[in-house]
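**Student:** Structure for this input, please:
(one chain, ligands or ions: 2)
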Amino acid sequence: MACTNDDEALQQWPVECRDDALQYLKTSHQMVTKLLEALLGNLGVELDDSNIDAFIGKKMVNMNFYPTCPNPELTVGVGRHSDMGTLTILLQDGIGGLYVKVPEEADMENKGEWIWSNGRNKSAEHRVRTTSTKSRVSIPIFVSPQATQRIAPFPQVVEKDGVARYREFVFADYMNSFFGNAHDGYSLLSAVIAAVPRPSTMPRAWTFFLLDQILTYLILGAAAVSTEVLYLANKGDSAITWSAACGSFAGFCHKATTSVIITFVTVLCYVVLSLVSSYRLFTKFDAPVNYTSKTIETTVFHG
Ligand SMILES: O=C(O)CCC(=O)C(=O)O
Ligand SMILES: [Fe+2]
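**Tutor:** Ligands and ions are numbered 1, 2, ... in the order given. Predicted coordinates for the structure are as follows:
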């Protein structure tokens, strides 16, 4: 349940829990501010009322229920990930099941990092497992900046580190490209290579053919998964107690729908591209020759 203001929360949240949840969110504000002050103080940065919104633009509270599971090893629970945003505050019962990975230096690359800290603070990887004997409840509050907020490493930290490890970006752009558009890079690269005038060789034709096949199936898989996620976001799934998220995230769902449509258009383009590259490859092979009849002719000639 996302909360940007009280009216929105009261309109959209389930009546059974909205007053308690709103109260909990409001009382958490002081704790969030204190934690941020401590984190920023550690980096030599001061937090004042005028810049607090840069960090606490939006709060979202989830209410997770993990039912008992006869074979916990066969379920995912919550898969390993690190949270995005400013901070996550977790309220949980005494059952346990949350595993947080202790970060190792060698393991740091590609893991979540607090960009403001220029990579000094990490977002720890974690996962949740269910148990066969006890169900579990957890209530995380996800604190994040406003979508329009510009994010960059603090100048004070950059000055100390001598280098800015991240460029400035808008938080919404980061969220939108979180799952990456690897095919953009591939399309650009193959367009550049194809544009360079060079004789078309067999290894080159095979490379394009195989890469086009791989990319086509990868994008098709991604489109199928995104459609499934979008369906769940629209309809929810009462059997596994997933509520429909689009009521609270209408803006996100509109963008996600547009993005799924674009992905399917991309799939179509890649299907055409695969056809073109397979045509270019297979026209290089000669048509089969009828050797039997040729042999007879030769024999007749010599005779
Ligand atoms: O349920 C928990 O303990 C944590 C859930 C979690 O990691 C998440 O929702 O991001
Ligand atoms: Fe998490």
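**Student:** Three-state assignment for whichever residue of the chain sits closest to ligand 1, please.
**Tutor:** Closest residue of the chain to ligand 1, CB to the nearest ligand atom: Ser138 (3.4 Å). Using the backbone N, CA and C atoms, a C-beta is placed for each residue, glycine as well. Following DSSP: H, G, I helix; E, B strand; the rest coil, the label given to Ser138 is strand.
**Student:** Now it: closest residue in space that isn't a chain neighbour?
**Tutor:** In this structure, Ser138 finds its nearest non-sequential neighbour in Gln92, 4.2 Å apart by CB to CB, 6 or more residues apart in numbering.
**Student:** coming back round to it: thinking the residue of the chain closest to ligand 1 is in contact with Val61, fair?
**Tutor:** No. Under the criterion of CB atoms under 8 Å, Ser138 makes no contact with Val61, lying 11.0 Å away.
**Student:** Neighbour count: these two, which is higher?
**Tutor:** Set Ser138 next to Val61 and count neighbours by other CB atoms under 10 Å: Val61 wins out with 21 against 18.
**Student:** State the pLDDT value of the more buried one.
**Tutor:** With respect to pLDDT, Val61 scores 86.
**Student:** Arg127 and Thr88: what is the separation?
**Tutor:** For Arg127, the distance to Thr88 equals 14 Å [CB to CB, to the nearest Å].
**Student:** Between those two, point out the one with more neighbours.
**Tutor:** A count of neighbours by other CB under 10 Å puts Thr88 above the other of Arg127 and Thr88, at 18 against 15.
**Student:** Enumerate the positions of the particular helix or strand that has the more buried one in it that are buried.
**Tutor:** Here Thr88, judged by DSSP states H and E, is contained in strand 87-92. Within strand 87-92, the residues that count as buried by 16 or more other CB atoms under 10 Å are 87-88.
**Student:** hmm, back to that, mind listing what the residue nearest to Ser138 touches?
**Tutor:** Counting by CB atoms under 8 Å, 6 or more residues apart in numbering, Gln92 makes contact with 98, 136-139.
**Student:** Export the residues you listed as CSV, with columns for distance to Leu39 and pLDDT.
**Tutor:** Compiled in CSV, the contacts of Gln92 are given as follows (distance: CB to CB, whole Å; pLDDT from 0 to 100):
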residue, distance to Leu39, pLDDT
Leu98, 21, 93
Arg136, 28, 94
Val137, 27, 94
Ser138, 22, 94
Ile139, 22, 92
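**Student:** Neighbour-wise, which one of the residues you listed leads?
**Tutor:** Most neighbours among the contacts of Gln92, by other CB under 10 Å: Arg136, with 21 neighbours.
**Student:** didn't that one look like it was pressed against Leu90?
**Tutor:** No. Counting by CB under 8 Å, Arg136 does not reach Leu90; the two are 11.9 Å apart.
**Student:** residues in the stretch 101-250 of the chain within reach of ligand 1, list them.
**Tutor:** 126, 128, 138, 140 (CB under 6 Å from any ligand atom).
**Student:** of these, buried ones?
**Tutor:** Buried among these by 16+ other CB under 10 Å: 126, 128, 138, 140.
**Student:** Which single one of the residues you listed is nearest to Arg18?
**Tutor:** Pro140 (17.4 Å; CB to CB).
**Student:** For beta bridges, what are the partners of that closest one?
**Tutor:** Assessed by DSSP bridges, Pro140 has beta-bridge partners Leu90.
**Student:** just checking, it touches Met63?
**Tutor:** No. Under the criterion of CB under 8 Å, Pro140 makes no contact with Met63, lying 9.0 Å away.
**Student:** So Gln11, which state does it fall into?
**Tutor:** What three-state DSSP gives for Gln11 is helix.
**Student:** Next up, the contacts around it.
**Tutor:** Shown in contact with Gln11 (CB under 8 Å, 6+ apart): no residues.
**Student:** Please tell me how far it sits from Val61.
**Tutor:** On the measure of CB to CB, Gln11 and Val61 end up 16 Å apart.
**Student:** again with Asp7
**Tutor:** Relative to Val61, and taking CB to CB, Asp7 is found at 16 Å.
**Student:** What distance do you get for the closest residue to Tyr270 other than its chain neighbours to Leu40?
**Tutor:** Closest residue in space to Tyr270, ignoring its immediate chain neighbours: Thr216 at 4.2 Å, by CB to CB, 6+ apart. According to CB to CB, Thr216 and Leu40 sit 47 Å apart.
**Student:** Thank you kindly, that will do.
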